[in-house]
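Undergrad: The amino acid sequence is not available; the structure is as follows:
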């Protein structure tokens, strides 16, 4: 009887053990059964491990306890999330099987090495429901109830790699921007140097053309040659100026020097400058400008550039014998400048792009008509800086083109204001004693001859040391000072002149091939208040000479 009771008791304990094992296998108990050659082994968490379990389960990293050969004994919820698999299905599987197939051998080597030391490395989860998830895996040895196990911690690196990619992209963008800024700086320096080198020979050419104009000759061939020299020198000067002006404007380095101006008077100057180009192209140039002064607050030089470029564009794209019409009228509080031609025109969809940099109209053969493609872009920038607008219109190829510029007028158009503008533009002609300092002998001597023909007393020197001496001996009212001299640059000459002569220092005017805004600032800082760019416009130079006060000349 006792034997039967004992057998029944053993059967109950065996059933209980089988139920526990089954519950473990079903994930109902925090334990795992590991089958090996030595039989089934059961690993469970004891009650005293509860605080550590809470800590592990709250981790942001996936954590697992592995058997010595890599079977998952325990895992936290985060690992189940990373593997996109319920925790109950993870227990009893090998962690290596959750790795990307190409990295499983590497993980097994890491697992083997973790018996002697902690190891870590970057791997990729890529099996089951996981879609190529980069993780950082740390493995370290530990003992559970005297059995060697392994603690595995998996950190999701996808976000970190994303941030690293963003950081690398940001750094790449920063480096690209830095290279672009450096390239832009080198481009500006190149353009400035190119302009300087081109302006130096242009200065004597243009001065020689002005000298030829002062001679009264009836020789038609000589007159034609003179006009060609003047016209082409002016064209090349405009190309250089447009290129540099566009670079300055895009960098925000240009400022308008506004004052009350008569738009009618400004347009008269533009028309006079455009006449020779119209004659050379055999164009009929029709001008219709209101007699009212049309007062506005403007930088006259910039308005001349803007309108002149539009007229030059019309002449360029109109075949010989064609017609170009200029009309200026007042409409409300705006001045409307219209330029029409019967030239090659352009496709209507080009109207929106006509004022972009480097865009050129094409003729019927789809070939551009030459030029840099910046004249109209510069005009738009200058007009917009004055608060105006410019538009283009064409019915199509061969149908001509029409440009319209609108500029705001001053609120007051009174006779008093008109008289003030007119008075401001008048200055009595006066002879001045002028010293020209330029290491380019052709430029110095041709300008010297030109100013002498205008009634000025002029002397030219080619070195900085000679300039300082002549300021004392010659006593000039004005010194036209080149900057890039071989011995002393113009800035140093100015500083020495101010230091040694004080109030007796003549009026200093920079006359240089360097025409950037920073060059003007350097000249001003050195004590040179006026900066003119080669080749100088004679009308502007005469205005400068007229506006300076003559010095009391001491006897030599």
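TA: Structure's in. What do you need? For clarity, every value in this text was computed on a predicted model and none was experimentally measured.
Undergrad: can you give me the helices for the stretch 351-500 of the chain?
TA: 375-385, 415-424, 441-453, 464-473, 490-501 (DSSP state H, counting those that start in this stretch).
Undergrad: Please tabulate these in a markdown table, including the columns distance to residue 71.
TA: Bear in mind the C-beta positions are built from the backbone N, C-alpha and C, glycine included. As requested, the helices of the stretch 351-500 of the chain are arranged in a markdown table below (distance: least, Cβ to Cβ, whole Å):
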| stretch | distance to residue 71 |
| --- | --- |
| helix 375-385 | 73 |
| helix 415-424 | 97 |
| helix 441-453 | 92 |
| helix 464-473 | 90 |
| helix 490-501 | 83 |
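Undergrad: Relative to residue 234, which of those is closest?
TA: Of all the helices of the stretch 351-500 of the chain, it is helix 375-385 that lies closest to residue 234, at 13.9 Å by Cβ to Cβ.
Undergrad: contacting residues for residue 132?
TA: 100, 124, 125, 126 (Cβ atoms under 8 Å, 6 or more residues apart in numbering).
Undergrad: hang on, the earlier thing: buried deepest among the helices of the stretch 351-500 of the chain, which one?
TA: helix 375-385 (a mean of 22; mean count of other Cβ atoms under 10 Å).
Undergrad: I figured residue 76 hits residue 57, correct?
TA: Yes. Contact criterion Cβ atoms under 8 Å: residue 76 and residue 57 qualify, at 4.8 Å.
Undergrad: neighbour-wise, which of those two wins?
TA: In this view residue 76 and residue 57 are compared by other Cβ atoms under 10 Å, and residue 76 has more residues nearby, 20 against 14.
Undergrad: From residue 61, how far off is the more buried one?
TA: 8 Å (Cβ to Cβ, to the nearest Å).
Undergrad: longest helix of this protein?
TA: helix 158-214 (DSSP state H).
Undergrad: relative to helix 441-453, how tilted is it?
TA: 50 degrees (axes from the mean of the first three to the mean of the last three Cα atoms, to 10 degrees).
Undergrad: Which other helices and strands does helix 158-214 contact?
TA: strand 133-144, helix 220-250, helix 441-453 (3 or more Cβ pairs under 8 Å, 6 or more residues apart in numbering; DSSP states H and E).
Undergrad: hey, which of the ones you listed is tucked in deepest?
TA: Ranked by mean neighbour count, the helices and strands packed on helix 158-214 are led by helix 441-453 with a mean of 20 (mean count of other Cβ under 10 Å).
Undergrad: I'd like the distance from that helix to the chain centre, please.
TA: In this view, helix 441-453 has its centroid 41 Å away from the chain centroid, taken as Cα atoms, centre = their mean, to the nearest Å.
Undergrad: same for it, what does it pack against?
TA: helix 158-214, strand 433-437, strand 457-461.
Undergrad: What average pLDDT does the longest one get?
TA: Mean pLDDT, computed over helix 158-214, is 77.
Undergrad: what does stretch 521-540 give?
TA: Throughout stretch 521-540, pLDDT has a mean value of 86.
Undergrad: Name the residues that touch that stretch?
TA: With Cβ under 8 Å, 6+ apart as the criterion, stretch 521-540 contacts 199-200, 202-203, 205-207, 210, 233, 237, 241, 443, 447, 450, 480-481, 483, 490-492, 494-495, 497-498, 505, 507-515, 519-520, 541, 544.
Undergrad: Buried residues in it, which are they?
TA: Neighbour-count burial for stretch 521-540 flags 522-523, 526-528, 530-538 (criterion: 16 or more other Cβ atoms under 10 Å).
Undergrad: pLDDT below threshold where in the stretch 401-550 of the chain?
TA: 412-429, 549 (pLDDT under 70).
Undergrad: which of the contacts of residue 132 has the most neighbours?
TA: residue 125 (25 neighbours).
Undergrad: picking up where we left off before, next, the angle helix 220-250 makes with the longest helix of the chain.
TA: Going by the same axes, to 10 degrees, helix 158-214 makes 150 degrees with helix 220-250.
Undergrad: which residues sit in contact with the nearest residue to residue 140 once chain neighbours are set aside?
TA: For residue 140, ignoring the flanking residues on the chain, the nearest one in space by Cβ to Cβ, 6 or more residues apart in numbering is residue 118 at 4.1 Å. Residues near residue 118 by Cβ under 8 Å, 6+ apart: 138, 139, 140, 141.
Undergrad: and if you look at residue 410?
TA: Per Cβ under 8 Å, 6+ apart, neighbours of residue 410: 260, 295, 296, 297, 417.
Undergrad: Quick check on residue 546: phi, psi?
TA: phi -70, psi -30 (degrees, to the nearest 10).
Undergrad: tally of neighbours for it?
TA: Neighbours of residue 546 (other Cβ under 10 Å): 13.
Undergrad: likewise residue 106?
TA: 16.
Undergrad: Report pLDDT for it.
TA: For residue 106, the predicted pLDDT is 93.
Undergrad: Check the one 3 residues further on too.
TA: The model reports residue 109 with a pLDDT of 93.
Undergrad: just to confirm, which helix or strand has it in it?
TA: Under the criterion of DSSP states H and E, residue 109 resides in helix 104-113.
Undergrad: Show me what counts as buried in that helix.
TA: Those would be 104, 106, 107, 108, 110, 111, for helix 104-113 by 16+ other Cβ under 10 Å.
Undergrad: Just name the closest of those to residue 454, please.
TA: residue 106 (89.3 Å).
Undergrad: Do I have it right that that closest one meets residue 123?
TA: Yes. Counting by Cβ under 8 Å, residue 106 does reach residue 123; the two are 6.8 Å apart.
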